[in-house]
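[1] Quick one, fold the following:
(one chain, ligands or ions: 1)
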Amino acid sequence: MTTDYDPIAEQYKRSKLQRWREHVEAFTLMKLVGDLAGKAVVDVACGEGFYTRLLRRRGAAKVTGLDLSAKMIELARNSEAREPLGIDYIVGDGREMNFGPVYDLAAAAYFLNYAHDCAELDAMCSGIARCLKPGGRFVTVNSNPACDFSSAPSYRKYGFETSVVGALREEAPITWTFYLDDGPFQIENYYLSVQTHETALRAAGFREIRWHRPLLSPQAEAADGRNYWSDLLDHPPLTFIECST
Ligand SMILES: C[S@@+](CC[C@H](N)C(=O)[O-])C[C@H]1O[C@@H](n2cnc3c(N)ncnc32)[C@H](O)[C@@H]1O
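    Numbers count the residues shown, from 1 in each chain. Below you'll find the model as predicted:
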């Protein structure tokens, strides 16, 4: 699995400063996350802690961030050392989480799209379900299986592009290229259909599975007009899922 974020950890962190991250990705995800007061939250595949910090700042009582990449966790811990928020960061595999059913909410940004195949997706969904209390929620932003990446528009003006070689089929690699001031870098994730996701989530014990389109923050709409954002909003390469145990 291409989960080696160690060499690109610092670049990926900088890609989170692109405007679409705040005004579309984070705006929508945090709206779905809702009220966090008193909640215990795990951020699965937390990377350098972009959402982990946000979840804590938005009022979660206890926040744990877990990621496979030691370098990503090092960056997250550096941020925690600079500005302590009381977050625990752990190097670990989201497929093997065994905290017990202690969290009210599991959040994940771009985790499920690292499943190469349905067996791996099953393991990810089960790992998440295992750490939730009964009635706990899972909220995620992910590469969008309903997007036809072979005919998607260019997202270059937002700072990134997506591409797939040939027609979209189960397990096809999707490449995301991010453009930073000092040059581009690429990450790869994998296509699995909406149906495959629904099956894996249900098999793990999730119900009330809802898919959401990205939303635009009122600030960005006022500043740029909706038209500027239409390629991203009308042909979204990202999607949001919420469900509960
Ligand atoms: C695209 S990054 C997203 C990081 C962070 N969630 C964010 O939005 O800034 C994907 C992350 O998934 C992590 N990852 C991939 N597979 C994983 C697994 N099985 N368990 C835990 N983390 C994983 C990678 O190390 C990487 O940090």
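[2] how about the strands in the protein?
    Using DSSP state E, the strands of the chain run over 40-44, 62-67, 88-91, 103-109, 132-143, 160-164, 173-180, 183-190, 207-212, 238-244.
[3] Run me through the strand neighbours of the third one, direction for each.
    Think strand 88-91. Take DSSP bridges as the rule and strand 88-91 pairs in its sheet with strand 62-67 (parallel).
[4] Specify the angle between the partner strand and strand 103-109 in degrees.
    40 degrees (axes from the mean of the first three to the mean of the last three C-alpha atoms, to 10 degrees).
[5] Strand 62-67 and the ligand, any residue contact?
    Yes. Residues of strand 62-67 contacting the ligand under C-beta under 6 Å from any ligand atom: residue 67. C-beta here means a position set from N, CA and C on the backbone, and glycine is covered the same way.
[6] What of stretch 116-128?
    No. Taking C-beta under 6 Å from any ligand atom as the criterion, stretch 116-128 and the ligand are apart, separated by no less than 6.7 Å.
[7] Okay, and the beta partners of residue 42?
    residue 64, residue 106.
[8] wait, isn't residue 110 in contact with residue 176?
    No. Contact criterion C-beta atoms under 8 Å: residue 110 and residue 176 do not qualify, at 9.1 Å.
[9] Now list whatever residues contact both of these two.
    With contacts defined as C-beta atoms under 8 Å, 6 or more residues apart in numbering, the residues shared by residue 110 and residue 176 are 143, 189.
[10] residues from the protein in reach of the ligand?
    So far as C-beta under 6 Å from any ligand atom goes, the chain lies against the ligand at 3, 5, 12, 16, 45-47, 50-51, 67-69, 72, 93-95, 109-111, 114.
[11] try 5 Å this time
    By the rule C-beta under 5 Å from any ligand atom, the part of the chain lying against the ligand is 3, 5, 45, 47, 50, 67-69, 72, 93-94, 109-110, 114.
[12] For the ligand, what is the nearest residue in the protein?
    residue 47 (2.6 Å; C-beta to the nearest ligand atom).
[13] Give me the phi and psi for the closest residue to residue 133 other than its chain neighbours.
    Spatially, and ignoring its direct neighbours in sequence, residue 133 is nearest to residue 101 (5.1 Å; C-beta to C-beta, 6 or more residues apart in numbering). Main-chain dihedrals, residue 101, degrees, to the nearest 10: phi -80, psi 70.
[14] rewinding a little: contacting residues around the residue of the chain closest to the ligand?
    Taking C-beta under 8 Å, 6+ apart, one finds 5, 9, 12-13, 67, 69, 72, 75-76, 109 in contact with residue 47.
[15] can the strands of the chain go into JSON lines with extra columns for mean neighbour count, distance to residue 154 and mean pLDDT?
    Formatted as JSON lines, those follow (neighbours: other C-beta atoms under 10 Å; distance: least, C-beta to C-beta, whole Å; pLDDT from 0 to 100):
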{"stretch": "strand 40-44", "mean neighbour count": "26", "distance to residue 154": "30", "mean pLDDT": "98"}
{"stretch": "strand 62-67", "mean neighbour count": "25", "distance to residue 154": "30", "mean pLDDT": "98"}
{"stretch": "strand 88-91", "mean neighbour count": "16", "distance to residue 154": "35", "mean pLDDT": "98"}
{"stretch": "strand 103-109", "mean neighbour count": "24", "distance to residue 154": "23", "mean pLDDT": "98"}
{"stretch": "strand 132-143", "mean neighbour count": "20", "distance to residue 154": "17", "mean pLDDT": "98"}
{"stretch": "strand 160-164", "mean neighbour count": "18", "distance to residue 154": "6", "mean pLDDT": "96"}
{"stretch": "strand 173-180", "mean neighbour count": "17", "distance to residue 154": "11", "mean pLDDT": "96"}
{"stretch": "strand 183-190", "mean neighbour count": "16", "distance to residue 154": "14", "mean pLDDT": "95"}
{"stretch": "strand 207-212", "mean neighbour count": "13", "distance to residue 154": "24", "mean pLDDT": "98"}
{"stretch": "strand 238-244", "mean neighbour count": "21", "distance to residue 154": "15", "mean pLDDT": "98"}
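[16] Understood, closing this out.
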